[in-house]
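J.: Predicted coordinates and the sequence they were generated for:
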Amino acid sequence: MKPRTEGVEGLEPIHDLGAGKLPEIPPKAPAGVRVNYRGRGIHLRGLRLPPKGIWKWLLILGPGLIATSAGNDAGGIATYSSAGAKFGYDLLWVMVVLTLSFAIVQEMCTRLGAATGRGLLDLIREQFGIGWTLFSVGIIIIANGGVTISEFVGIGAASELLGVSRYISVPIAAVVLWYLVIFGSYARVEKIFLLMTLVFFAYPIAAILGGPDWTAVAKGATVPTIKFEKEYIFILVGLLGTTITPYIQIFQQSSTVERGAARKHYGTERYDAYAGSVFSNLMSMSMIIATAATLYAAGQHEIGSAADAAKALEPVAGSSASLLFAVGLLGASLLAGGVLPLATSYAVSEAFGIPKGVNLDFRRGKTFFGLFTAFIVIGSVVALIPGIPIFPLLVGIQVLNGVLLPVILVFILILINREKLTGGLKNSRVYNLLGWGTFAIITLAVAIFLAGSGLDLIGIDIFAQ
Amino acid sequence: MAMLSELLRFEVTDIKGASRRLSDLGIGLLDHDYPPVTNLYFLEREKLLRIAWSQVTDFDKPRKRITVRSFDRAETAHDDVPEGEVLLKRDVLDGLIVDLLGRRTTRASDLQLVQDGDDLRLHAVDAGLSAMLRRLTSGIYRGSRKNDLYDWKYVEFLRGDPQAVESGAGYRLRIGRLTGGEIAQIAEYLPYLHAAELLTLLPNDKAAVALQAMSIQRQIQVIEEFEESEAVELLSRMSPDIATDLIGRLGIATMKTFLAAMPNRQKERIIKLLQYPEDSAGGIMVNNVVRFDRMTAVSTAREKLRDHSRDGDLISIVFVTENADSAILVGTVRIRDLIEKDEAEQLEDIMEPYVTTLNPFDPALDAAYKVIGAQVAAMPVTDRDGFLLGAVTIDAAIARAIPGNETRSLKVFA
């Protein structure tokens, strides 16, 4: 036997170590769950227990609320501000109806993601074939391309409020966003952008401090006012497009898949979708109220620039309203300016089976990187066109989204009702009623708008002046 | 050579002159590297019919026509297909495929079939943009790129239905040629239903290895898609530490159900490991280590080691205890020494008695750095009385020490 004295001084062979030198169970060890096993009680400390109390609700509601903050992008702010400035509280009822519709559509996308583990374009490819895939990819590229342009327009507008020319800020932002996303550090930086968007929480405060006529607010929110006017229908379609944006549906479904939601435990994701939608629309309504209480009340019905829109925050920030607005707009635009082209490139690549991911080398991922780069380049170049009417362009892009929305909604509604695909998570009758009802209302509004615009081109004006 | 998109525009006629439009092609997947078309499917008054390829008398590509003896020989297909048969348009076209050579997934935008004597065989998948263009332009555009073709010999295709294998659907079953880690890597990029389906194509041992190489989030999604008996089968074959991490996240009710159905040995191991917090040395250790008492002869140890290697993980260190009944640790022996030393020697003669041990409640990261710093294959974990509880392997230590890697395990070195 090996002599035990050979060891380094101070080190003893293991069997010579006295018992009781190691603590049994440290006091800080979690109690775990006590279970009876073979007649004795044991503590299972290795179980990952679901969070309870406030943590449970924060985890359920967190992602939706965060997405909401990110959803208040340049186009949304422009459209809600225009609605408040042009029509006061008259369009609030639309937002009330849209809250229900938005919640229903968001929940359906979440459910579709959990039931199938696949993104929307992925499912369209599998279920409808290549022709419909190409069609929907075209729609998504136009819609998301438009929104990307609006994000760069937002960056330019915000920087000009801060005294920096958009001809300097937009190219820098484009290069920086491209670099951050491609080289994988965007996930860290996006938290800063997200924090910047929190200044938009000033809108609900501004809506209260602005001293609105609450009776008029209540009436506007509950009594539908339908005006058969060109601008009213234009803004209405814009509200539809910016609230139930096609990209939000695609993003919602993809993020559900990303988060690892599965069909066997679908449930809490539903509350996240509902809470996010309600919260998002409350923010949007506060933008309309704040703008109506300030600009509309002061007789300023046109918003031509970011500086005009920023005036809605004067009840909160006084002379710093422009600064506050600029910081929020810049954060929201940078956030979506990176996420949107990336998410779209992922979705399109997925549908066509093209290699995707920022970790690919350029040779293998040339289509993926090409798409992403094209979005950034087109977005920034359009935003730099001299003399571009910023706010009308932003609202116009939301109207385009509204026009394209019914197409995406049809796919969602058909897919969610395919039992073979969604099993027990297919739509109930009530959901179908609300879902198809939403589709019918949106399609009607879009049809009226398109018919009116089409007839206008040949000199027939069907709208009241 | 013909592409499926082109064939789907073909007419099927019989010698009496009746004609139908081809709607799908059936192949027996398991038959061959390049499986032959077994049935032609076509619609007749809204009804799906099929006729065997053996009835084909002429395949006229320029005229886009396939002639069969008589449509009288056709049978109604309804929704059922012969066992093991796959319909190319319904099951494969636009579906997800796994390229086994490139270890990547893509979508089948078109399929290439090649005439081989009297047979028409599936030869390749076209996943390129040109395939899409061909389909969209109904064949007006005819281009194709060789780089976009995936040899069917090295392709596995998926339906997104984890129950498909059980219901008799045909598959290639070539995915089993990859390592568990490679399969796990592919599965991470697939939708979770496809990932679960992928595991059903593997023998249980390989499926367990692949499952344990996935991220914990993916493991949960996948295991929940299996029937209870299948899930228990996989959990029983997994390394106990990884099975414990997984089972500890499935909720108490599921955990109890799975444990109740599990073989006793694995159940005991998992229950013991579940008693330690996840971020402790006990939470990352394995407890299916090999231990012998100090008086064991080298020859006996070698034999027993062989038996143990069939039972689970084999790490390159065995642990030596006071005696057969007591698990008090007295030293360690490297397997290398066990092979090299004289077989008549006893383990106490060749063991290393100066061993650093870990407390099961040590923080996992501290324990991981100790193992990495000591450069040992595994470090024993003992309780206050010196009883051997298990060991933290170098694999577990590296996996824990990699920043941001809280969800993936490693089983390579130890």
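T.: That came through, no problem. Numbering: from 1, shown residues only, chains lettered A, B, ... in the order given.
J.: pretty sure residue A:221 is touching residue A:92, no?
T.: Yes: counting by Cβ atoms under 8 Å, residue A:92 is a contact partner of residue A:221 at 4.1 Å. C-beta coordinates here come from the backbone N, C-alpha and C atoms, glycine included.
J.: Which one of these two is surrounded by more residues?
T.: Each of residue A:221 and residue A:92 has its neighbours counted (other Cβ atoms under 10 Å in any protein chain shown); residue A:92 has more, 26 against 18.
J.: For the more buried one, give me its contacts.
T.: Residues in contact with residue A:92 (Cβ atoms under 8 Å, 6 or more residues apart in numbering or on different chains) are A:217, A:220-221, A:285, A:288-289.
J.: Whichever strand or helix holds residue B:389 vs chain A: in contact?
T.: Using DSSP states H and E, residue B:389 sits in strand B:388-393. No: against chain A, strand B:388-393 shows no contacts by Cβ under 8 Å from any Cβ of the partner chain, the least distance being 10.0 Å.
J.: CA atoms only: put that strand into PDB for me.
T.: Extracted in PDB, the C-alpha atoms of strand B:388-393 (Å, rounded to 0.1, in the frame of the first residue of the first chain):
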ATOM      1  CA  LEU B 388     -19.600   9.900  -1.900                       C
ATOM      2  CA  LEU B 389     -22.700  11.500  -3.500                       C
ATOM      3  CA  GLY B 390     -21.600  12.000  -7.000                       C
ATOM      4  CA  ALA B 391     -19.100  14.000  -9.100                       C
ATOM      5  CA  VAL B 392     -19.000  17.200 -11.000                       C
ATOM      6  CA  THR B 393     -17.600  16.300 -14.400                       C
END
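J.: Which residues does it contact?
T.: Residues contacting strand B:388-393 (Cβ under 8 Å, 6+ apart): B:272-273, B:281-282, B:284-287, B:289, B:291, B:315, B:317, B:319, B:321, B:327-329, B:358, B:360, B:367-368, B:371, B:377-383, B:413-414.
J.: so which of these are also by chain A?
T.: Within those, those near chain A by Cβ under 8 Å from any Cβ are B:273, B:282, B:328-329, B:382-383.
J.: Closest one of those to residue B:130?
T.: Nearest to residue B:130 among those is residue B:273, at 53.5 Å by Cβ to Cβ.
J.: Share the number of residues neighbouring the closest one, please.
T.: 28.
J.: Model confidence score at it, please.
T.: At residue B:273, the model reports a pLDDT of 92.
J.: how close does the closest residue to residue A:101 other than its chain neighbours get to chain B?
T.: Among residues not flanking residue A:101 along the chain, residue A:438 sits closest, at 4.0 Å (Cβ to Cβ, 6 or more residues apart in numbering or on different chains). Look at residue A:438 and chain B: by Cβ to the nearest Cβ, to the nearest Å, they are 27 Å apart.
J.: Touching, residue A:438 and residue A:105? I think so.
T.: Yes: taking contacts as Cβ under 8 Å, residue A:438 lies within contact range of residue A:105: 6.4 Å.
J.: Tell me the residue of chain B that sits nearest chain A?
T.: Here chain B gets closest to chain A at one residue, residue B:107, 2.9 Å apart by Cβ to the nearest Cβ.
J.: And the closest residue to that residue other than its chain neighbours, how far from residue B:28?
T.: Spatially, and ignoring its direct neighbours in sequence, residue B:107 is nearest to residue A:353 (2.9 Å; Cβ to Cβ, 6+ apart). Look at residue A:353 and residue B:28: by Cβ to Cβ, to the nearest Å, they are 25 Å apart.
J.: between the two, which one's more packed in?
T.: Ranked by neighbour count (other Cβ under 10 Å), residue A:353 and residue B:28 place residue A:353 first, with 25 against 17.
J.: pLDDT at residue 214, what is it?
T.: Picked chain A for this. pLDDT for residue A:214: 92.
J.: hm, I was asking about chain B
T.: Model confidence at residue B:214 (pLDDT) stands at 93.
J.: picking up where we left off before, now for the ones next to chain A among the contacts of strand B:388-393: which two are most distant?
T.: Top of the distance list for those (Cβ to Cβ): B:273 and B:328, 20.3 Å.
J.: thinking again about what came up before, wait, the residue nearest to residue B:107 sits on residue B:110?
T.: No: between residue A:353 and residue B:110 there is no contact under Cβ under 8 Å: 11.5 Å.
J.: and the stretch 351-465 of chain A, which residues reach chain B?
T.: A:351-355.
J.: repeat that with 10 Å
T.: With Cβ under 10 Å from any Cβ of the partner chain as the criterion, the stretch 351-465 of chain A meets chain B at residues A:351-357, A:364, A:367, A:420-421.
J.: Would you list the buried entries among the residues you listed?
T.: A:351-356, A:367, A:421 (16 or more other Cβ atoms under 10 Å in any protein chain shown).
J.: Just send the residues you listed back as JSON lines, with pLDDT and distance to residue A:96 too.
T.: Formatted as JSON lines, those follow (pLDDT from 0 to 100; distance: Cβ to Cβ, whole Å):
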{"residue": "A:351", "pLDDT": "85", "distance to residue A:96": "35"}
{"residue": "A:352", "pLDDT": "85", "distance to residue A:96": "40"}
{"residue": "A:353", "pLDDT": "79", "distance to residue A:96": "42"}
{"residue": "A:354", "pLDDT": "80", "distance to residue A:96": "42"}
{"residue": "A:355", "pLDDT": "76", "distance to residue A:96": "45"}
{"residue": "A:356", "pLDDT": "76", "distance to residue A:96": "39"}
{"residue": "A:367", "pLDDT": "85", "distance to residue A:96": "43"}
{"residue": "A:421", "pLDDT": "90", "distance to residue A:96": "32"}
